[in-house]
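Peer 1: Turn this into a structure:
(one chain, ligands or ions: 1)
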Amino acid sequence: MQPASPDTVPYGVIVTYSALFVWIGTFISGVCSRPGNGGKGYIPFIVLGLFIALFLNVRYLFEGIPAGLRFFNGMYDVIVNLGENYTKGELPPNVVRCDNGQDCSVWGENHFPIHSAWAVAMYRRFQPGSDPTRSIMFYIHIISNSIAFFLVHYQILYPGGLKKNKWHALLGKICFLCATAGALSALWISSEHDAVPEYGGFVAEVGFWLMCVCMWVPAAVGILKMRNADMAGHRAWMVRFAGGLWGTFWGTRIPALVLDPFFRSYPIGTNFCISVWISGPMGLIGGEIALNRMNKIMKSKEN
Ligand code: HEM
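Peer 2: Numbers count the residues shown, from 1 in each chain. All right, here's what the predicted structure looks like:
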């Protein structure tokens, strides 16, 4: 791994932060818009959220897992160092230094000396020489869940319905297979978490099972509804599935980003566990809100 020079400023992190600020703007504009009034509603928020996720996730394919995680840690470093310089004394339980210099982050030695403990643990778990099955499962997880995340939106935008859209059925099968592979690989990876105190150990492990349930079960119910020719039910459960995917992706990363500086001194893994446990349920609530809004828009178009 090429160490960063002391002054390295990772422009990718700055660009991603800029995109996140624009994204917050699109969310506020979505909140302010009323369903069915001809405005764009949450569409810019959804599109930008998908593209930022794609930008963050494809890095792993081009750069490999350790470099992808260094970038990921670099995003958290900006926030977790806020208000503290930690030049002397012991570090609180939820922040650490890299094992070697500043190698666990894309920032150079002269910036952001401490890092979230869970982020460094994640980096450590995927170092060269670690269990190759773990890395394979990680790739399966990232690729298949990213495909499912994108496809589910395409499927909702272009439903099958009466036109007997052949692509819809095929893409639906691919999407469900990807979600299943994404959840199974996540179960495999998280089965190791009882040995990772920085994540919160077994509490985090069970939290990841909950994430799998919140993401995968709505997809499975959606498939069953379609088999029973209940198209309204199929659509509703697939919107909930999309909510589950949003929750399990963004609903872990954003709370962790916000909570990390406040939870530095809490028992180890507290912030990470909160993010993991709230993500799936938050996604399902978001899916339900989206479904209500979509139904309102449909009704207002019918009248
Ligand atoms: C069923 C829900 C999910 C579960 C249980 C889950 C589980 C996990 C776990 C356990 C890790 C950390 C690996 C470790 O150190 O052990 C992880 C990381 C990751 N997951 Fe997931 N995940 C879920 C949903 C998703 C979705 C929907 C996506 C993509 C859209 C995704 C993409 C990633 C990525 C890219 C990482 C690496 C960290 C990052 O760059 O964000 N995951 N996931």
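
Peer 1: got the residues of the stretch 101-250 of the chain near the ligand?
Peer 2: 122, 125, 141-142, 145-146, 149, 183, 186, 189-190, 208, 211-212, 215, 245, 248-249 (C-beta under 6 Å from any ligand atom). Placement of C-beta: from N, CA and C, glycine included.

Peer 1: Spell out for me the PyMOL command that would select the buried members of those residues.
Peer 2: Restricted to buried positions by 16 or more other C-beta atoms under 10 Å, the PyMOL selection for these reads:
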select buried, resi 122+125+141+142+145+146+149+183+186+189+190+208+211+212+215+245+248+249
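
Peer 1: So which of the residues of the stretch 101-250 of the chain next to the ligand sit within strands?
Peer 2: Counting by DSSP state E, no part of those is found in strands.

Peer 1: Stretch 85-104: end-to-end distance?
Peer 2: Counting by C-alpha to C-alpha, to the nearest Å, you get 18 Å between the two ends of stretch 85-104.

Peer 1: My read is that residue 92 contacts residue 267, right?
Peer 2: No. The criterion here is C-beta atoms under 8 Å, and residue 92 misses it with residue 267 at 10.3 Å.

Peer 1: between those two, which one's more packed in?
Peer 2: Each of residue 92 and residue 267 has its neighbours counted (other C-beta atoms under 10 Å); residue 92 has more, 16 against 12.

Peer 1: need the contact list for the more buried one.
Peer 2: 264-265 (C-beta atoms under 8 Å, 6 or more residues apart in numbering).

Peer 1: helix, strand or coil for residue 129?
Peer 2: Of the three states, residue 129 takes coil under DSSP: H, G, I helix; E, B strand; the rest coil.

Peer 1: what about it, distance to the ligand?
Peer 2: 16 Å (C-beta to the nearest ligand atom, to the nearest Å).

Peer 1: which intervals of this structure have sub-threshold pLDDT?
Peer 2: 1-4, 35-39, 161-164 (pLDDT under 70).

Peer 1: ok, which stretches of it are strands?
Peer 2: Taking DSSP E as the test, the strands found in the chain are 95-96, 115-116.

Peer 1: Highest mean neighbour count out of these?
Peer 2: Mean neighbour count (mean count of other C-beta atoms under 10 Å) peaks for strand 115-116 among those, with a mean of 26.

Peer 1: for it, packing partners?
Peer 2: helix 65-80, strand 95-96 (3 or more C-beta pairs under 8 Å, 6 or more residues apart in numbering; DSSP states H and E).

Peer 1: tell me which strands and helices the shortest one is in contact with?
Peer 2: This means strand 95-96. strand 115-116, helix 117-125.

Peer 1: quick one: the most centrally placed residue in the chain from residue 301, how far?
Peer 2: In the chain, the centroid-proximal residue (C-alpha atoms, centre = their mean) is residue 249; its distance is 1.9 Å. Residue 249 sits at a distance of 30 Å from residue 301 (criterion: C-beta to C-beta, to the nearest Å).

Peer 1: and the residue nearest to the centre of the chain, how far is that from residue 123?
Peer 2: Residue 249 is 19 Å from residue 123, by C-beta to C-beta.

Peer 1: just to revisit the earlier point, is it true that the residue nearest to the centre of the chain touches residue 142?
Peer 2: No. Using C-beta under 8 Å, residue 249 is not in contact with residue 142; the gap is 10.4 Å.

Peer 1: Touching both of those two, which residues are there?
Peer 2: Counting by C-beta under 8 Å, 6+ apart, nothing touches both residue 249 and residue 142.

Peer 1: just the helices in the stretch 51-200 of the chain please.
Peer 2: With DSSP state H, counting those that start in this stretch as the criterion, the stretch 51-200 of the chain has helices at 65-80, 117-125, 132-157, 166-190.

Peer 1: For those helices, give me JSON lines that also has distance to residue 110.
Peer 2: Shown next, in JSON lines, are the helices of the stretch 51-200 of the chain (distance: least, C-beta to C-beta, whole Å):
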{"stretch": "helix 65-80", "distance to residue 110": "12"}
{"stretch": "helix 117-125", "distance to residue 110": "19"}
{"stretch": "helix 132-157", "distance to residue 110": "31"}
{"stretch": "helix 166-190", "distance to residue 110": "34"}
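
Peer 1: List just the one of those that sits closest to residue 86.
Peer 2: helix 65-80 (10.4 Å; C-beta to C-beta).

Peer 1: Packing partners of the closest one?
Peer 2: With 3+ C-beta pairs under 8 Å, 6+ apart as the test, helix 65-80 has helix 11-32, helix 43-63, strand 115-116, helix 117-125, helix 132-157, helix 231-259 packed against it.
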